[in-house]
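Asks: Using only what follows, build the 3D model:
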Amino acid sequence: MKHRRIPTRRAAIAGGAAAALLGAGLTFQTANASEDAPRPAVKTLSAPAAGNLAAALDRTLGGDAAGAYYDAEAKALVVNVVDEAAARSVREAGGRARLVEHTLAELTSARQTLKSRATIPGTSWAVDPVSNKVVVTADRTVKGADWKKLDQVVKGLGSRAELKRTAGEFTPFLAGGDAIHSGGGRCSLGFNVVKDGAPHFITAGHCGESGSEWSDARGGAAIGTMVDSQFPGNDFALVKYAGDTAHPSEVNLYDGSAQAITKAAEATVGMKVTRSGSTTQVHQGEVTGLNATVNYGSGQVVEGLIQTNVCAEPGDSGGSLFSGDAAVGLTSGGSGDCASGGETFFQPVTEALSTLGAQIG
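Replies: Residues are numbered from 1 along each chain as shown. A predicted model of the protein is given here:
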């Protein structure tokens, strides 16, 4: 299909001024509309419902898809498209269409270039649908020849990518929701799940190996055994509880209460999320990128992660990322801390459950 391309200046307006347009109660298309026929109303959606609609539209639009994000203030899904035909499909489905320069396929191609030419420890990249670019981030360890190489690769991608610095250092958050302990250190329980009718829980894969035993107190009796662990590449693990006692599907809010978890949901950029972990307890923020690749300083590469601005620290690994009653992610790693901030990455729960053959209990 031949796409209608947007001149450079127009693309900058679409990306850089999107927030201003949304804040004024307008959309890119409303400001430039020439159609006389009334347009379908934009649906009011929860964040999980917006994620489901985004996934459905991605399949429908195919090569015309260019990413999507959730406008939490308007409770609407904003879908990037590259031509008016795709925009009509989005509107008919109840989303808000936004014309942008780059298709998702073009941004994916940029990611492949980064993977083949710039897999450098201390770097990450993720698609940012708001700017319609791949945002590349380098931590404080990327210097000298590595920085020069990374800068050249990003510049070679033109308007499809931009390079940023972060003050911290990308590491898996292992110090060794609720604290769980093993010989390798302390992590956090993610979500209680059920597999083959038996109680299990999921956590981060880098926390331990298959066969390791886990307790809920340092030096305490084992409460379960890790039966599957996937890291690097992915970052999730499954622990089978000892015994058949059912465990509640909820997350500790560290204020004497808990959040019930009834389902798993796909993340959407702009989704408001909460993280619970045994080191820093409960913090909130939002999803800033999807399908992120992280090159941890140890040389271990993890792909397909959720990027957020929610802080975390060592020991929070494996902890719960959720939105309302929906499980969204498992804490993997990042930069910074809960004093200075930074980027934090999460393994999508939906992928972990699908691969492990487990369900939210």
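
Asks: Domain boundaries for this protein, per the record?
Replies: 8-99, 104-165, 171-360 (automatic domain parsing).

Asks: Deepest-packed of the ones you listed, please.
Replies: Among those, domain 171-360 has the highest mean neighbour count (mean count of other CB atoms under 10 Å), at a mean of 21. In this view, the C-beta of every residue, glycine as well, is placed from N, C-alpha and C.

Asks: Start and end of that domain, how far apart?
Replies: In terms of CA to CA, to the nearest Å, the two terminal residues of domain 171-360 are separated by 28 Å.

Asks: Helix, strand or coil: sort out Asp146 for me.
Replies: In three-state terms, and counting by DSSP: H, G, I helix; E, B strand; the rest coil, Asp146 is helix.

Asks: State the helix or strand in which the closest residue in space to it that isn't next to it in sequence lies.
Replies: Closest residue in space to Asp146, ignoring its immediate chain neighbours: Ile120 at 5.0 Å, by CB to CB, 6 or more residues apart in numbering. For Ile120, there is no enclosing helix or strand under DSSP states H and E.

Asks: Low-confidence bits of the stretch 51-200 of the chain, can you list those?
Replies: The stretch 51-200 of the chain contains residues with pLDDT under 70 at 174-176, 184.

Asks: what's near enough to touch the residue nearest to Asp146?
Replies: Ala138, Val142, Asp146, Lys149, Leu150, Asn295 (CB atoms under 8 Å, 6 or more residues apart in numbering).

Asks: Need the max-distance pair from these.
Replies: Largest separation among these by CB to CB: Lys149 and Asn295, giving 13.0 Å.

Asks: helices or strands next to the host helix or strand of Cys187 in the packing?
Replies: Using DSSP H and E, the element containing Cys187 is strand 185-188. Applying 3 or more CB pairs under 8 Å, 6 or more residues apart in numbering; DSSP states H and E, one finds that strand 185-188 contacts strand 179-182.

Asks: Tell me how far the strand it packs on lies from the chain's centre.
Replies: The chain centroid and the centroid of strand 179-182 are separated by 25 Å, computed with CA atoms, centre = their mean, to the nearest Å.

Asks: try stretch 351-361
Replies: 17 Å.

Asks: Show residues contacting it.
Replies: Identification of contacts with stretch 351-361 by CB under 8 Å, 6+ apart yields 191-196, 199-200, 202, 228, 230, 234, 236, 238, 246-249, 261-264, 304, 327, 330.

Asks: let's see it at 7 Å
Replies: The contact list for stretch 351-361 (CB atoms under 7 Å, 6 or more residues apart in numbering) reads 191-195, 199-200, 202, 228, 236, 238, 246-247, 249, 261-264, 304, 327, 330.

Asks: Just give the closest residue to Gly341, not the sequence neighbours.
Replies: Among residues not flanking Gly341 along the chain, Cys311 sits closest, at 5.7 Å (CB to CB, 6+ apart).

Asks: so where do the helices sit in the stretch 201-350 of the chain?
Replies: 349-356 (DSSP state H, counting those that start in this stretch).

Asks: low-confidence ranges in it?
Replies: Using pLDDT under 70, the stretch 201-350 of the chain has no residue that qualifies.

Asks: what are the ranges of the strands in it?
Replies: 213-215, 222-230, 236-241, 250-252, 258-260, 263-264, 272-277, 281-295, 301-308, 320-323, 326-334, 344-348 (DSSP state E, counting those that start in this stretch).

Asks: Output those in JSON lines; the columns should cover distance to Ala167.
Replies: Shown next, in JSON lines, are these (distance: least, CB to CB, whole Å):
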{"stretch": "strand 213-215", "distance to Ala167": "33"}
{"stretch": "strand 222-230", "distance to Ala167": "30"}
{"stretch": "strand 236-241", "distance to Ala167": "28"}
{"stretch": "strand 250-252", "distance to Ala167": "29"}
{"stretch": "strand 258-260", "distance to Ala167": "31"}
{"stretch": "strand 263-264", "distance to Ala167": "33"}
{"stretch": "strand 272-277", "distance to Ala167": "20"}
{"stretch": "strand 281-295", "distance to Ala167": "16"}
{"stretch": "strand 301-308", "distance to Ala167": "16"}
{"stretch": "strand 320-323", "distance to Ala167": "23"}
{"stretch": "strand 326-334", "distance to Ala167": "12"}
{"stretch": "strand 344-348", "distance to Ala167": "14"}
